[in-house]
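In: Sequence and predicted structure, then a few things I'm wondering about:
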Amino acid sequence: MESINTFDQAAVATQSDAIKGRYVTATKAFAPGDIVFKDEAFVYSTCDCEELLDETTDFTKLLDSNEDQTSYARSMRKSFHKILSAMIEMEIISDVDRAKCILKCITMYIGDKNSLSNLLQLSYANEPACKAAASTLRKDFPIAFQSIPLSVLTKIIGVLNTNSHELETLNGTGLFLSACLMEHNCAPNCSFTTNETTLWVTAIRPIAIGEPLSIDYGNMFYRPTSERQATMLEGYGFECTCVACTELPDLARAFICPNCPSGIVHLFPKEGYKCLQCQKLMNQKQIDQVCALEKELQEELPDTLEGVGQAAKGLLHQHHYLLFWALDALGLRGAQALVHNVTKLAHMWDRIITSIEYVVPGAHHEKTIYYDQLAQVRVITGDIGGAKQAYSKAYEISCIVSGANTPPTLALKELVDDVPKSRDELVERYGTGHEDEYMEEMEESDEEDEDMD
Ligand SMILES: [Zn+2]
Ligand SMILES: [Zn+2]
């Protein structure tokens, strides 16, 4: 990772546009899998003290292992517990890691007014809510916040709210100043990966000189167009006009064609609900019918494999996003319930993988997770050859979305080269992250099974 260019060294340029604001373009061509640049967190915090908030009001006890007293301004130390508690009650802040990041930025600002000059140039959404939060903090904690102009405090809250990245390996959140200059696209040409406090951006499609670099702000890889657009407007304050939103069919909303047996219908932005096979359009009555069913399912997703099968009612195609997410939610619990029914378990995972390959045919970070989970399920069912195949697929995708010689890709390489042979070995090999929880759940189900025996 050391040899990777920082933003300043990388073959990229920052551009400015009256409508788009600032964005980043490539100054050389990139191939899929090329790492474009890396960025260190400007500020970051973890959620480590979240549970301690109920137990102690002691400032020093609420510090993370990477923090010391000087991480926070003297003026906020005495009421630190009260301030943090008040901040996480505010909807626009909510999380303790984000609250801490805000307090650290204020601390930097108090130390040197110019230290936030780059941060304060970033754009953000939800101005009224940010301003309301800033006003409340200044009123309720004058000693800590009165010296910060309302406009600056509003902006710090806004920028952290809009631009923070999750730091999975640290259970926290961080702000990466260069990465948030990149524009959003629902079908982006770049992907980002975080490890500890480093974020790096990788090209996932061929990128030409001059092309804007884009990432998917909301990670909405299997969400319908209307939902993606609503999220962008609410969370980031702009209407997405990317090709996926304005020209391509909405693959996440998939229906069985009423006019031909194997056809699949999607909503096309200009033409309406059209079958890819027979090209016929759905009539209004058919459209009303599928929309009513979607509405019904949005309120309550089926929570059994049989339920998912019945929910389609002959109208929704198996690639429909509501059926996919119902299966995804079943992923962990479903695997537990089906661990002794290998055929059903394999069937469920085949469906998940087939659907994600249909809706997201290109390389995508989430697909490495699904193939990794598929591999684990195959280990559990004793299909070690199949597990190796799934790990290989995850590794192949990771080479593109995270770059070949990076920690997450190398971890998958190890799994390909030495596939775990049993459930116990899986538990041993998966040290941290979501897979760990997954295995814990599997373990619990094992214990339950033993209880039942
Ligand atoms: Zn879009
Ligand atoms: Zn058709």
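Out: It's in. Ligands and ions are numbered 1, 2, ... in the order given.

In: When you work out contacts or count neighbours from here on, use the C-alpha atoms and nothing else.
Out: OK.

In: what pLDDT does the closest residue to D68 other than its chain neighbours get?
Out: Distances taken as C-alpha to C-alpha, 6 or more residues apart in numbering put T60 closest to D68, at 7.7 Å, once the chain neighbours are dropped. The predicted local distance difference test score for T60 is 95.

In: just checking, T60 touches Q69?
Out: Yes. Applying C-alpha atoms under 8 Å as the test, T60 and Q69 come out as touching, 6.9 Å apart.

In: Tell me how many other residues surround the residue nearest to L426 when sequence neighbours are not counted.
Out: Beyond its immediate neighbours in the sequence, the residue positioned closest to L426 (C-alpha to C-alpha, 6+ apart) is P420, lying 5.8 Å away. Using other C-alpha atoms under 10 Å as the criterion, P420 is surrounded by 22 other residues.

In: Now P420, what are its backbone angles?
Out: Note on P420: its backbone torsions stand at phi -60, psi 140 [degrees, to the nearest 10].

In: Look up how far E428 lies from it.
Out: In this structure, P420 lies at 9 Å from E428, with C-alpha to C-alpha, to the nearest Å as the measure.

In: the domain parsing of this structure - what is it?
Out: Domain assignment of the chain by automatic domain parsing yields the ranges 12-41+177-220, 43-174, 249-452.

In: Nearest to ligand 1, out of the ones you listed?
Out: domain 12-41+177-220 (4.2 Å; C-alpha to the ion).

In: taking the mean pLDDT, what do you get for the closest one?
Out: Average pLDDT, domain 12-41+177-220: 94.

In: which stretches of the stretch 201-350 of the chain form helices?
Out: Secondary structure of the stretch 201-350 of the chain, counting by DSSP state H, counting those that start in this stretch: helices at 225-236, 243-246, 284-299, 305-311, 321-337, 342-359.

In: Using the three-state scheme, assign G382.
Out: In terms of secondary structure, G382 is coil; the call rests on DSSP: H, G, I helix; E, B strand; the rest coil.

In: C275: neighbouring residues, count only.
Out: C275 is flanked by 24 other residues according to other C-alpha under 10 Å.

In: Skipping adjacent residues, who's closest to R429 in space?
Out: What sits nearest to R429 in space, not counting adjacent residues and going by C-alpha to C-alpha, 6+ apart, is P420, at 7.6 Å.

In: Ok, A29 next?
Out: Nearest residue to A29, sequence neighbours excluded (C-alpha to C-alpha, 6+ apart): A208, at 4.7 Å.

In: Next, the contact list for the one you found, please.
Out: Contact partners of A208, counting by C-alpha atoms under 8 Å, 6 or more residues apart in numbering, are A26, K28, A29, F30.

In: Now the second one: closest residue in space that isn't a chain neighbour?
Out: Looking back up the chat, that one is K28. When the adjacent residues along the chain are set aside, K28 lies closest to I209, with 4.8 Å between them (C-alpha to C-alpha, 6+ apart).

In: Return the distance of the one you found relative to T107.
Out: 40 Å.

In: Ok, Q286 next?
Out: Here the criterion is C-alpha to C-alpha. By it, Q286 lies 59 Å from T107.

In: The two: which is more packed in?
Out: Neighbours per residue (other C-alpha under 10 Å) separate Q286 from T107, with T107 holding more: 22 against 15.

In: Serialize the domains of the chain to TSV and add fields for distance to ligand 2.
Out: Shown next, in TSV, are the domains of the chain (distance: least, C-alpha to the ion, whole Å):
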stretch	distance to ligand 2
domain 12-41+177-220	26
domain 43-174	42
domain 249-452	4
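
In: and those domains as CSV, adding distance to S3?
Out: Conversion of the domains of the chain to CSV gives the following (distance: least, C-alpha to C-alpha, whole Å):
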stretch, distance to S3
domain 12-41+177-220, 10
domain 43-174, 22
domain 249-452, 11
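
In: Close to ligand 1: what parts of the protein are there?
Out: The chain has residues C186, C240, C242, C245 near ligand 1, with proximity defined as C-alpha under 5 Å from the ion.

In: Mind doing that once more with 6 Å?
Out: Among all residues of the chain, those adjacent to ligand 1 (criterion: C-alpha under 6 Å from the ion) are N185, C186, C240, T241, C242, A244, C245.

In: which other residues reach stretch 107-119?
Out: Contacts made with stretch 107-119 from outside it, assessed by C-alpha under 8 Å, 6+ apart, are listed as S71, Y72, A73, C105, I148, I156, V159, L177.

In: Now do the end-to-end distance for that stretch.
Out: The first and last residues of stretch 107-119 sit 14 Å apart, counting by C-alpha to C-alpha.

In: May I see the buried residues of it?
Out: Along stretch 107-119, these residues count as buried under the neighbour rule (16 or more other C-alpha atoms under 10 Å): T107, M108, Y109, I110, L116, L119.

In: Among the residues you listed, which ones are in helices?
Out: Cross-referencing these against helices under DSSP state H gives T107, M108, Y109, I110.

In: Let me know the pLDDT of R423.
Out: Per-residue confidence (pLDDT) for R423: 83.

In: err, L120, not the other one
Out: Taking L120 on its own, its pLDDT is 94.

In: ok, it touching I156?
Out: Yes. Counting by C-alpha under 8 Å, L120 touches I156, with 7.1 Å between them.

In: Of the contacts of stretch 107-119, which pair is most distant in space?
Out: Greatest spacing in the contacts of stretch 107-119, by C-alpha to C-alpha: A73 and L177 (22.2 Å).

In: now the protein, which segments are flagged as low pLDDT?
Out: Low-confidence regions of the chain, defined here as pLDDT under 70, cover residues 332-339, 431-453.

In: And the strands in it?
Out: Applying DSSP state E to the chain gives strands spanning 12-17, 21-26, 35-40, 43-46, 165-167, 172-175, 183-184, 190-195, 198-203, 214-215, 250-256, 264-268, 272-275.

In: and the fifth one, what does it pack onto?
Out: Going back to what we said before, that points to strand 165-167. The elements that strand 165-167 packs onto, with contact taken as 3 or more C-alpha pairs under 8 Å, 6 or more residues apart in numbering; DSSP states H and E, are strand 172-175.

In: before we move on, what about the fourth one?
Out: Of the remaining helices and strands, those touching strand 43-46 by 3+ C-alpha pairs under 8 Å, 6+ apart are helix 96-111, strand 172-175.

In: OK, contacts around the nearest residue to R223 once chain neighbours are set aside?
Out: Of all residues beyond its chain neighbours, the one nearest R223 is A252 (5.8 Å), with distances taken as C-alpha to C-alpha, 6+ apart. Under the criterion of C-alpha under 8 Å, 6+ apart, the neighbours of A252 are Y222, R223, P224, T225, H319, H320, Y321, V359.

In: how about the residues you listed in a markdown table, adding neighbour count?
Out: Formatted as a markdown table, the contacts of A252 follow (neighbours: other C-alpha atoms under 10 Å):
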| residue | neighbour count |
| --- | --- |
| Y222 | 22 |
| R223 | 20 |
| P224 | 20 |
| T225 | 23 |
| H319 | 25 |
| H320 | 24 |
| Y321 | 22 |
| V359 | 19 |
